[in-house]
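Chemist: Requesting a structural model of the entry that follows:
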Amino acid sequence: MTRIIRNRTEKETLIIKQDFSTLVKILNNLSINFFIDNGLLLGIYRDGDLIKWDWDIEFSLYDHDLTNNFEKLIEELKKNGFKIHKIEKKDIKLDIYKGLPYEIFSFSFKGWKHVKNKRSFKRKTFSIPEKYFLTKEKVNYLGFELICPGPIEEYLTFIYGDWRTPKRLGNMDEYLSKNYYKKPSYFITFLKKILYRIKTIIGSHKDI
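Modeler: From the prediction side, this is the model:
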């Protein structure tokens, strides 16, 4: 699905911040450990606020923290009016939205697996040296003290390269470093699309 890359309006930004605050409160009330990274951390650290054209906010968790709390987190999200877009238990990810349509803005919870023998944290085609997730720092945003990877500038350089220069781009391979994100081959991407289509067809027949 193509995400809409444009500056969010003041009204949209207010809705995003309200939904974000609700999610932080939910996670804290459930005593679920999490940390912020990627675009949200970049915006807070570089600009002091959300990146105006960003289309999502991701919460990172250790895989066991997300897996062990999947059901109660989903239950609490639904109680607070959030809608589930996609649940990926195998890849340990949950995509949701609330105040704005998914195509405009969404939130994600993603689980990272600690690969100790390689001293890294991994998920799908993303890989991060363990030192960044084990060295934690804090940033303040919307009245919350939020945990994030550290050292912050070194981490952002690993993820984005030149993170100080704003990049209004929609493809991950254009703004993420190759050390962090290894773009899957065309064949693998094509095969996944076929498998997803097959599952969708099988699922639709089950409902008949």
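
Chemist: Show me what the one residue sitting closest to the centre of the chain is bridged to.
Modeler: Geometric centre of the chain, nearest residue: residue 58, 2.5 Å, by Cα atoms, centre = their mean. Beta-bridge pairing for residue 58 (DSSP bridges): residue 108.

Chemist: Hmm, residue 59 is touching residue 32, no?
Modeler: No - here residue 59 does not reach residue 32: they are 9.1 Å apart, not a contact under Cβ atoms under 8 Å. All C-beta spots, glycine's among them, are computed from the backbone N, C-alpha and C.

Chemist: of the two, who's got more company?
Modeler: Neighbour tally, residue 59 and residue 32, criterion other Cβ atoms under 10 Å: the higher count belongs to residue 59, 21 against 18.

Chemist: per-residue confidence at residue 187?
Modeler: Listed pLDDT for residue 187 reads 50.

Chemist: Point out where this structure drops to low pLDDT.
Modeler: Judged by pLDDT under 70, the chain has its weakly predicted residues at 1-3, 184-208.

Chemist: got the residue ranges for the helices in it?
Modeler: Counting by DSSP state H, the chain has helices at residues 10-29, 38-42, 63-79, 130-134, 152-160, 172-175, 186-206.

Chemist: nearest to residue 121, of the ones you listed?
Modeler: Closest approach to residue 121 among these is made by helix 130-134 (5.0 Å; Cβ to Cβ).

Chemist: Tell me the helices and strands packed up against the closest one.
Modeler: strand 106-115, strand 120-123, helix 152-160 (3 or more Cβ pairs under 8 Å, 6 or more residues apart in numbering; DSSP states H and E).

Chemist: List the contacts of the shortest one.
Modeler: The contact list for strand 120-123 (Cβ atoms under 8 Å, 6 or more residues apart in numbering) reads 63, 91-93, 110-115, 127-130, 133.

Chemist: most surrounded residue in these?
Modeler: Result: residue 112 is most packed of these (other Cβ under 10 Å), 24 neighbours.

Chemist: Cross-check the contact I'm expecting between it and residue 64.
Modeler: No - between residue 112 and residue 64 there is no contact under Cβ under 8 Å: 10.0 Å.

Chemist: I'd say residue 157 and residue 164 touch.
Modeler: No - here residue 157 lies out of contact with residue 164, judged by Cβ under 8 Å, at a distance of 9.3 Å.
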